[in-house]
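**Q** Test case, fold it:
(chains A and B)
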Amino acid sequence: AQRVTQPEKLLSVFKGAPVELKCNYSYSGSPELFWYVQYSRQRLQLLLRHISRESIKGFTADLNKGETSFHLKKPFAQEEDSAMYYCALWASGTYKYIFGTGTRLKVLA
Amino acid sequence: DAGVIQSPRHEVTEMGQEVTLRCKPISGHNSLFWYRQTMMRGLELLIYFNNNVPIDDSGMPEDRFSAKMPNASFSTLKIQPSEPRDSAVYFCASSRAAGAYEQYFGPGTRLTVT
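**A** Numbering: from 1, shown residues only, chains lettered A, B, ... in the order given. Predicted structure coming up:
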């Protein structure tokens, strides 16, 4: 079955510390993966997608097909990174979108 | 561009009542999505449309939920009869097409069923 797993509901880190938000997926085909972010009082918005291989707001995510992971990383967390983060999968073979349950990141001063 | 528009922003209703949520996608977008967000289950895709046709409704909880897209600029999500466990934030999103495209989300409707 297709699935996206975000094992941490809440992740707290101190400002300046490295951040890694975990995302694992289950899909037999070639995945298209995304990270969406929801800041307080703002709309849910795309942060980055794996096909772009870009860094947005200092965040990067590398698709690891061997480990079926797409972890989101940032070397130095900022307080403004505090938000809800969702990992999402587009399963082209079955025309399905699957979101993980989300991880709330709190960056402490 | 105002982006995806949802109404109402807040809805409080009593158990057993019918609830209708509305969404206007971004002009030119061909795909529209309805999501439900709760603390326990996170963000769940309920249904999505492509060119006004429902493509995947496997996330619709039960027959009490129904969604329509009569034209390219309007969609509704209806709950009849509503139950307290339906209390959640409901999001609508749109994208250029079905596939690996960015989804643009509306502000959400916070539904409370008492």
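
**Q** Minimum distance to chain B, which residue of chain A gives it?
**A** residue A:101 (3.3 Å; C-beta to the nearest C-beta). To be clear about C-beta, it is placed using only N, CA and C from the backbone, and glycine gets the same treatment.

**Q** What is the burial count for that residue?
**A** Neighbour count of residue A:101, defined by other C-beta atoms under 10 Å in any protein chain shown: 19.

**Q** For it, list the residues it contacts.
**A** Shown here is residue A:101, whose contacts under the criterion C-beta atoms under 8 Å, 6 or more residues apart in numbering or on different chains are A:6, A:9, B:41, B:42, B:43.

**Q** Write the PyMOL selection for whichever of the residues you listed are buried.
**A** Selecting only the buried entries of the contacts of residue A:101 in PyMOL, with 16 or more other C-beta atoms under 10 Å in any protein chain shown as the criterion:
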select buried, (chain A and resi 6) or (chain B and resi 42+43)
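
**Q** Including distance to residue A:90 and pLDDT, could the contacts of residue A:101 go into a markdown table?
**A** Formatted as a markdown table, those follow (distance: C-beta to C-beta, whole Å; pLDDT from 0 to 100):
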| residue | distance to residue A:90 | pLDDT |
| --- | --- | --- |
| A:6 | 16 | 96 |
| A:9 | 24 | 94 |
| B:41 | 20 | 87 |
| B:42 | 17 | 87 |
| B:43 | 14 | 91 |
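
**Q** Sitting in helices, which of the contacts of residue A:101 do you find?
**A** Among those, DSSP state H puts none in helices.

**Q** okay if I get the contacts of residue A:101 as JSON lines plus distance to residue A:18?
**A** Below are those laid out as JSON lines (distance: C-beta to C-beta, whole Å):
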{"residue": "A:6", "distance to residue A:18": "18"}
{"residue": "A:9", "distance to residue A:18": "20"}
{"residue": "B:41", "distance to residue A:18": "29"}
{"residue": "B:42", "distance to residue A:18": "24"}
{"residue": "B:43", "distance to residue A:18": "26"}
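
**Q** What is the nearest of the contacts of residue A:101 to residue A:109?
**A** Closest to residue A:109 out of these is residue A:9 (21.8 Å), distances taken as C-beta to C-beta.

**Q** gap between that closest one and residue B:50?
**A** 32 Å (C-beta to C-beta, to the nearest Å).

**Q** ditto for residue A:107
**A** As for residue A:107, its distance to residue B:50 is 38 Å (criterion: C-beta to C-beta).
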